[in-house]
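Colleague: output the structure for:
(one chain, ligands or ions: 1)
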Amino acid sequence: MPPRTAVFFHAHPDDEALLTAGTMAMLAAEGHRVVLVVATAGERGLAEMRPGEALGETRMKELYASAAALGCARVECLGYGDSGLSPKGGIAEERPDNAFIDADTEKAATALADILREERADLLSIYDPAGGYGHPDHVQVHRVGRRAAEIAGTEIVLEATVNRDPLVKLLKAAGKVYRFPPEFDVRTFESAYSSSETITHRVNVRRYARQKRAAMEAHASQATGGDTDRTLAVMLKVPGPLYRLVFGTEWFVRRDLPPGARLRHPFDRWPK
Ligand SMILES: [Zn+2]
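Modeller: Predicted coordinates:
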């Protein structure tokens, strides 16, 4: 396969580590050009330090370290404000003037399309329409990413997601022996991410577990601060062999392929 170019578009620094790091490391190791673009610097992320400019700077540094661990050739930030989350999980009322969710879709898409054109990108990775678990900035990544690919004429658009079926099964089984706090509703996971039958790509990234872990560790501000049950902090405690098993697969949906397509590699052709 001749080297190709893949652009991974994410909302905040650390999203790449959780969702697509293994695939990025794999493509880079295979000699492809991997470019990482974030919409925001994640300056309203959870951290012990005061949110704002200083946190944005720290998180961009962490993003560069993560990108280096994965073998990225280029990192860009579109410079939008992190829209944050309301305490209940929805859209935050107080948000910066240039919040990504308030961005004009066409304008933001054009900025991303400029990078896609400059890179002659063969592939763009965005999020599923639900934005995974529904963070407003993640839903916006889907909208802006779709439009950018249209403008630039990017051939392959992959929606990074998680296979929610085993996740829901696991949570339901856990619910029988463990009482979840009242605000935790397993049903919210029934509509988050994607169901097994809609997933077109299952990428085995076990060989790149070391790089994926290094990417996660690079985002120290999101793993060590404040409350203890943060996603990254929890994940980093998982021992190596179990980690490879649990985080050994990354999932994508390609909408122009039949949902039954079972591809193993982002650049696989269909029909096979
Ligand atoms: Zn995010």
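Colleague: pLDDT score for the spatially closest residue to Arg207 that is not a sequence neighbour?
Modeller: Among residues not flanking Arg207 along the chain, Met26 sits closest, at 7.3 Å (C-beta to C-beta, 6 or more residues apart in numbering). Using the backbone N, CA and C atoms, a C-beta is placed for each residue, glycine as well. pLDDT recorded at Met26 is 98.
Colleague: with the one 3 residues further on instead?
Modeller: Looking at Ala29, its pLDDT is 98.
Colleague: which ones are touching it?
Modeller: Applying C-beta atoms under 8 Å, 6 or more residues apart in numbering to Ala29 gives the contacts 71, 208.
Colleague: about what we covered before: okay, now the residue nearest to Arg207: neighbour count?
Modeller: Neighbours of Met26 under the rule other C-beta atoms under 10 Å: 23.
Colleague: quick one: the helices in the chain?
Modeller: 15-19, 21-29, 53-70, 105-118, 136-152, 164-177, 209-218, 220-224, 231-236, 240-246 (DSSP state H).
Colleague: I'd guessed Val144 sits against Ala113; true?
Modeller: No - Val144 is not in contact with Ala113 according to C-beta atoms under 8 Å; the separation is 9.6 Å.
Colleague: between those two, which has more neighbouring residues?
Modeller: Between Val144 and Ala113, Val144 has the larger neighbour count (other C-beta under 10 Å), namely 28 against 22.
Colleague: report how many residues lie close to the residue of the chain found nearest the ion.
Modeller: When scored by C-beta to the ion, the chain has His12 as its residue closest to the ion, at 3.7 Å. A count of neighbours around His12, defined by other C-beta under 10 Å, yields 25.
Colleague: so for it, what's the pLDDT?
Modeller: So, for His12, pLDDT stands at 93.
Colleague: so what's it up against?
Modeller: So His12 contacts 38-42, 45, 59, 82, 137 (C-beta under 8 Å, 6+ apart).
Colleague: now tabulate those in a markdown table and tack on neighbour count and pLDDT.
Modeller: Compiled in a markdown table, those are given as follows (neighbours: other C-beta atoms under 10 Å; pLDDT from 0 to 100):
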| residue | neighbour count | pLDDT |
| --- | --- | --- |
| Val38 | 28 | 98 |
| Ala39 | 29 | 98 |
| Thr40 | 30 | 96 |
| Ala41 | 23 | 93 |
| Gly42 | 30 | 90 |
| Gly45 | 24 | 77 |
| Arg59 | 26 | 92 |
| Asp82 | 29 | 92 |
| Asp137 | 27 | 94 |
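Colleague: which one of those residues is nearest to Leu123?
Modeller: Val38 (17.2 Å; C-beta to C-beta).
Colleague: before we move on, back to that, who touches the residue nearest to Arg207 in this structure?
Modeller: 203, 205, 207-208.
Colleague: top of those residues by number of neighbours, please.
Modeller: In the contacts of Met26, the most neighbours by other C-beta under 10 Å go to Tyr208, 27 neighbours.
Colleague: verify the contact between that one and Thr20 for me.
Modeller: No - using C-beta under 8 Å, Tyr208 makes no contact with Thr20, being 10.9 Å away.
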